[in-house]
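K.L.:
Got a sequence here, can you model it:
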Amino acid sequence: MTKGDQMKADIVVIGGGIGGCALAARMATAGLAVTVLEREPMYRDMVRGEAMVPWGFLEAVELGVAEAVLEAEGASVITRMTPYDETLTVEQARRRSKDLSASVPGAPGVIGVGHPELREALANSAVKAGATVVRGVRRSTVVAGDAPQVTFELDGSERTVDCRLVVGADGKFSTTRAALGISMFTNEARVKLTGMLVDDGGTWDRAVTTIAVDGRNQFIVIPRADSKLRLYVGRNVNDPEPLKGPATITEFLESYRTPIFPNHDELAVSEPIGPCATFPMNDAWTDTPVVPGGALIGDAAGWSNPVTAQGLSIALRDARVLSEALLDNAIWTPETLSGYTIERSARMARLRFASALTDLIAGFGMSDRATRRPRILGLLGQRPELGAALTAVHSGPWSVEAESYSPDILTTVALA
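P.N.:
Numbers count the residues shown, from 1 in each chain. Modelled structure (predicted):
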């Protein structure tokens, strides 16, 4: 291995994903020198978030990357949430559809977009803004503190970048987080979610998304403008027949052959065109996303239970709030950037509440769901304030009053 030149930047972002590239685009637009280090030479499908809820799109607008989001390959605008369910006929579910285009002024609805396609679009935006995006990076080593520095390998050459701040945007299994010595807290998953990209030949209505339940299976469907469709199947972690092994793909698709969906026979024979992967449905967070010389954003700083599809929006919000804190302060320390730490901590707590409430109302995996769910829905009809936090899933965690997140609400719904 050869030694390369010493490089300099204001910010080094480790991870060229959604949050990392959005942050790089914003800071480069403001005139700062930003270097993004990305492990993958070409972005690939890793079965990650495909839905950008309306409040997240507004974050993209504020960051100046909304056009890139909408123009990403295969991006679609989803305008209806239809609650397909074992307790409803298809027509009953359709009559209960929610208009997503009306959730947030300025947002057209939920944006369905492939994770690798969105990463590519945002990386291009960062480069156009003046950031340096380096792909194919190996063995990066982080030194934070008063003199932050990142050393990495590229094409057999070792290179070092001196900077003012290292930002870890390298996902759930962040090596930057470990290097910065930041602790992560998690709650226990009750459900494991399996996802796969398929070609459904246009069977599914491209304007519709759903979170549905039928027996042992919880379904999430996120369409795109092309013939691609992201399907998910959730099962209780204690399910005697989890989705795993050689038969996973066949069983996964067959689970969609249920009358709760329109055109279910056609949907069940969709063509797999991506990997099939399983991950736990839990929340994770840190109380210290900023340390001397370093900060975390996106999944590296913690994530929300995927059932409410907040991941892309969280990453963009992180990028916006951190970028504003950086631009508002000449000196970057945990104290001067505390606005980001405080906002993120409160935001993630609200999102954990919304996930828990969604779980209670859906009742997925609960033995008495058939009798319990109608009681809960009846309670919410009588006392709609109990479900106000659900509105925030699409309109944003700060769009409803703090009282909507009272622990007493979860207790009341749980006892219904």
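
K.L.:
contacts and neighbour counts: CA atoms only from here.
P.N.:
Fine.

K.L.:
Next up, the contacts around the residue nearest to Val413 when sequence neighbours are not counted.
P.N.:
Closest residue in space to Val413, ignoring its immediate chain neighbours: Ile376 at 6.5 Å, by CA to CA, 6 or more residues apart in numbering. Going by CA atoms under 8 Å, 6 or more residues apart in numbering, Ile376 touches Ile361, Val413, Ala416.

K.L.:
Same check on Arg138?
P.N.:
Counted by CA under 8 Å, 6+ apart, Arg138 has contacts Arg39, Phe152, Glu153, Leu154.

K.L.:
got it, and Met46?
P.N.:
Applying CA under 8 Å, 6+ apart to Met46 gives the contacts His115, Pro275, Ala277.

K.L.:
Adding secondary structure and distance to Asp200, write the contacts of Arg138 out as CSV.
P.N.:
Formatted as CSV, the contacts of Arg138 follow (DSSP: H, G, I helix; E, B strand; the rest coil; distance: CA to CA, whole Å):
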residue, secondary structure, distance to Asp200
Arg39, coil, 31
Phe152, strand, 42
Glu153, strand, 41
Leu154, strand, 39
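
K.L.:
Show me which of those residues is closest to Ala268.
P.N.:
Comparing the contacts of Arg138 against Ala268 with CA to CA places Arg39 closest, at 35.1 Å.

K.L.:
Give me the number of neighbouring residues for the closest one.
P.N.:
The burial count assigned to Arg39 is 18, neighbours taken as other CA atoms under 10 Å.

K.L.:
Next: Pro262.
P.N.:
Neighbours of Pro262 using other CA under 10 Å come to 17.

K.L.:
Quickly find the element holding it.
P.N.:
Pro262 is part of no helix or strand, with elements assigned from DSSP states H and E.

K.L.:
gap between it and Ser125?
P.N.:
38 Å (CA to CA, to the nearest Å).

K.L.:
what's the answer for His264, then?
P.N.:
For His264 relative to Ser125 (CA to CA), the value is 39 Å.

K.L.:
list the buried ones in the helix or strand where Pro374 lies?
P.N.:
Using DSSP H and E, Pro374 falls within helix 369-382. Neighbour counts using 16 or more other CA atoms under 10 Å place Arg369, Arg372, Arg373, Arg375, Ile376, Leu377, Leu379, Leu380 of helix 369-382 among the buried residues.

K.L.:
how close does the fifth one sit to Asp287?
P.N.:
Think Ile376. Note on Ile376: its distance to Asp287, by CA to CA, is 33 Å.

K.L.:
rewinding a little: how near is the residue nearest to Val413 to Arg159?
P.N.:
Taking CA to CA, one finds Ile376 at 58 Å from Arg159.

K.L.:
Over to Gln310?
P.N.:
In terms of CA to CA, Gln310 sits 36 Å off from Arg159.

K.L.:
what does Pro397 give?
P.N.:
Distance from Pro397 to Arg159, by CA to CA: 41 Å.

K.L.:
between these two, which one's more packed in?
P.N.:
Set Pro397 next to Arg159 and count neighbours by other CA under 10 Å: Pro397 wins out with 23 against 17.

K.L.:
for the record, mean pLDDT for the helix or strand containing Ala123?
P.N.:
With elements taken from DSSP H and E, the one containing Ala123 is helix 115-129. Average pLDDT, helix 115-129: 97.

K.L.:
Show me what whatever helix or strand comes next after it is in contact with.
P.N.:
Next in sequence after helix 115-129, counting helices and strands by DSSP H and E, comes strand 132-135. Outside of strand 132-135, the residues within contact range by CA under 8 Å, 6+ apart are 16, 34-42, 123, 126-127.

K.L.:
quick one on the thing from earlier: of His264 and Ser125, which one has the most company?
P.N.:
Legend: neighbour count by other CA under 10 Å for His264 and Ser125, higher for Ser125 (24 against 17).

K.L.:
Which residues are in contact with Thr151?
P.N.:
Here Thr151 is in contact with Arg139, Ser140, Thr141, Val142, Glu158, Arg159, Thr160, Val161 (CA under 8 Å, 6+ apart).

K.L.:
should've said Pro384
P.N.:
Counting by CA under 8 Å, 6+ apart, Pro384 has no contacts.

K.L.:
tell me the pLDDT at it?
P.N.:
90.

K.L.:
Look up phi and psi at it.
P.N.:
Reported as degrees, to the nearest 10, the phi and psi values for Pro384 are phi -60, psi -20.
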